[in-house]
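1. how would this look folded up:
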Amino acid sequence: MDIAVIGSNMVDLITYTNVMPKAGETLEAPDFAIGCGGKGANQAVAAAKLGASVMMVSKVGADLFAENTVNNLQAFGIDTRHVTIAPGVSSGVAPIFVDDQSQNRILIIKGANNQLLPADIDAAEQPLKQCQLMILQLEIPLPTVYHAIDFASRHGIRVILNPAPAVAELDIDYACRCDFFMPNETELEILTGMPVATEQEVLRAGQTLLRRGLKNLIITLGSRGSVWMQGDSVHRVSPTTVQAVDTSGAGDAFIGCFAHFLVQNGDIKQAMQLASAFAACSVTGRGTQRSYPDAVTFQRFLNA
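-> Below is the predicted model:
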């Protein structure tokens with residue numbers, strides 16, 4: 001395998017609305033959709049749709065969503081031998097609300113994702129240790145994330161840690177053992193306790209983490225592009241301008257695409273530029289995984 005994703009899967013329950021209701025108010029919304037999501041699964045699908053060979057270690061619940069989640073991953077060619085059922089709990093779900101400005105508000109109920117344990121990583125040892133790159137997020141228990149980083153260190157596997165959703169108790173010493181630390185600006189604010197409204201504030205907040213020992217810090221800034229910070233150097237990647245329809249899953253699209261091209265050619269800045277374009281392409285469609293282009297569609301988007 002090129003890439004191992006150890007992380008979450010969710011069932012997306014997406015409501016499209018013109019106006020968000022106030023407290024105690026009931027409004028009619030014009031549209032609704034159910035999709036497959038979760039940060040881990042989204043990142044795995046994004047990489048797989050571009051042609052990466054991907055395996056996933058994850059947990060689904062003992063419910064009607066489980067089979068659909070596994071079948072969906074398999075439809076993209078993802079190895080699901082280590083996507084297993086957690087008895088007695090529901091699958092993870094994510095109610096998503098998208099307004100008429102294409103901004104989203106998301107709640108997550110982790111469900112079975114909370115049952116992904118260090119033992120599940122050990123059970124997948126043989127295929128995992130043959131992967132070139134591991135991707136982690138924080139929709140699974142922190143001890144499992146730390147165990148995965150330990151595993152990757154022992155076997156010489158590069159690691160991308162996406163600290164999402166951000167938690168202040170994340171052990172930055174573990175983050176420093178990863179090759180890439182990839183928050184968005186909101187997550188950066190939570191992790192540092194510093195403002196991030198301007199680029200200068202983002203850079204100052206990023207420097208506080210670099211001084212802790214991070215190797216490569218890549219901050220995604222939505223419509224403002226992205227920044228790669230390494231030591232004293234700063235590399236900016238401009239955004240690809242599009243008319244956004246739904247920004248759900250755009251950060252996951254960026255990471256999955258970045259991972260694919262990083263494994264393919266090792267050029268970090270080029271991988272960021274392509275990831276920015278891939279994320280932009282994704283927001284022109286509705287939903288998360290279903291909005292991600294495959295390799296042919298993405299090339300057509302780049303050539304347009």
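
2. Check which residues of stretch 5-19 are buried.
-> 5-17 (16 or more other Cβ atoms under 10 Å). Any C-beta I mention is one placed from the backbone N, CA and C, and that applies to glycine too.

3. again with stretch 260-271
-> So stretch 260-271, judged by 16+ other Cβ under 10 Å, has buried residues 260-264, 268, 271.

4. How about stretch 220-234?
-> Buried residues in stretch 220-234, defined by neighbour count with 16+ other Cβ under 10 Å: 220-222, 225-229.

5. what does that stretch contact?
-> For stretch 220-234, the external contacting residues (Cβ atoms under 8 Å, 6 or more residues apart in numbering) are 182-185, 199, 202-203, 206-207, 210, 215-219, 235-239, 244, 247, 250-251, 254, 268-269, 272, 275-276, 279.

6. I figured residue 102 hits residue 248, correct?
-> No - using Cβ atoms under 8 Å, residue 102 makes no contact with residue 248, being 9.1 Å away.

7. Of the two, which one has the most company?
-> Set residue 102 next to residue 248 and count neighbours by other Cβ atoms under 10 Å: residue 248 wins out with 29 against 16.

8. quick one, what contacts the more buried one?
-> Here residue 248 is in contact with 12, 14, 37, 96, 98, 104, 106, 287-288, 291 (criterion: Cβ under 8 Å, 6+ apart).

9. taking the residues you listed one by one, which sit in strands?
-> Secondary structure from DSSP state E places 12, 14, 37, 96, 98, 104, 106 of those in strands.

10. Looking at neighbours, which among those residues is most surrounded?
-> The residue in those with the most neighbours, by other Cβ under 10 Å, is residue 37 (31 neighbours).

11. Leaving out sequence neighbours, find the closest residue to that one.
-> residue 12 (3.8 Å; Cβ to Cβ, 6 or more residues apart in numbering).

12. Quick check, pLDDT for the one you found.
-> Looking at residue 12, its pLDDT is 88.

13. ok, back up a step: any chance of the buried residues of stretch 220-234 in a markdown table, plus distance to residue 78 and secondary structure?
-> Converted to a markdown table, the buried residues of stretch 220-234 look like this (distance: Cβ to Cβ, whole Å; DSSP: H, G, I helix; E, B strand; the rest coil):
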| residue | distance to residue 78 | secondary structure |
| --- | --- | --- |
| 220 | 23 | strand |
| 221 | 29 | coil |
| 222 | 27 | helix |
| 225 | 29 | coil |
| 226 | 25 | strand |
| 227 | 30 | strand |
| 228 | 27 | strand |
| 229 | 31 | strand |
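
14. Among these, which pair sits farthest apart?
-> 222 and 229 (17.2 Å; Cβ to Cβ).

15. how far away is residue 109 from residue 86?
-> Separation of residue 109 from residue 86 (Cβ to Cβ, to the nearest Å): 14 Å.

16. ok, now residue 248?
-> 25 Å.

17. what do you get for residue 205?
-> Residue 205 is 36 Å from residue 86, by Cβ to Cβ.

18. Double-check residue 151 against residue 124; I have them as touching.
-> No - using Cβ under 8 Å, residue 151 makes no contact with residue 124, being 9.3 Å away.

19. Not including adjacent chain positions, what is the nearest residue to residue 161?
-> Residue 161 sits nearest to residue 178 (Cβ to Cβ, 6+ apart), 4.3 Å away.

20. ok, how many other residues are close to the one you found?
-> For residue 178, using other Cβ under 10 Å, the count is 24.

21. Phi first, then psi, for it.
-> Residue 178 adopts backbone torsions of phi -90, psi 150, taken as degrees, to the nearest 10.

22. The stretch 151-300 of the chain: strands as residue ranges?
-> 158-161, 180-181, 217-220, 226-230, 233-237 (DSSP state E, counting those that start in this stretch).

23. Redo the ones you listed as a markdown table? Include mean pLDDT.
-> Compiled in a markdown table, the strands of the stretch 151-300 of the chain are given as follows (pLDDT from 0 to 100):
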| stretch | mean pLDDT |
| --- | --- |
| strand 158-161 | 98 |
| strand 180-181 | 98 |
| strand 217-220 | 98 |
| strand 226-230 | 97 |
| strand 233-237 | 96 |
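
24. Residue 81: which of the ones you listed is closest?
-> So among the strands of the stretch 151-300 of the chain, strand 158-161 is nearest, using Cβ to Cβ, at 21.1 Å.

25. who does the closest one pair up with?
-> strand 133-136 (parallel), strand 180-181 (parallel) (DSSP bridges).

26. Now those strands in TSV, please, with extra columns for distance to residue 70 and mean neighbour count.
-> Converted to TSV, the strands paired with strand 158-161 look like this (distance: least, Cβ to Cβ, whole Å; neighbours: other Cβ atoms under 10 Å):
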stretch	distance to residue 70	mean neighbour count
strand 133-136	19	26
strand 180-181	28	26
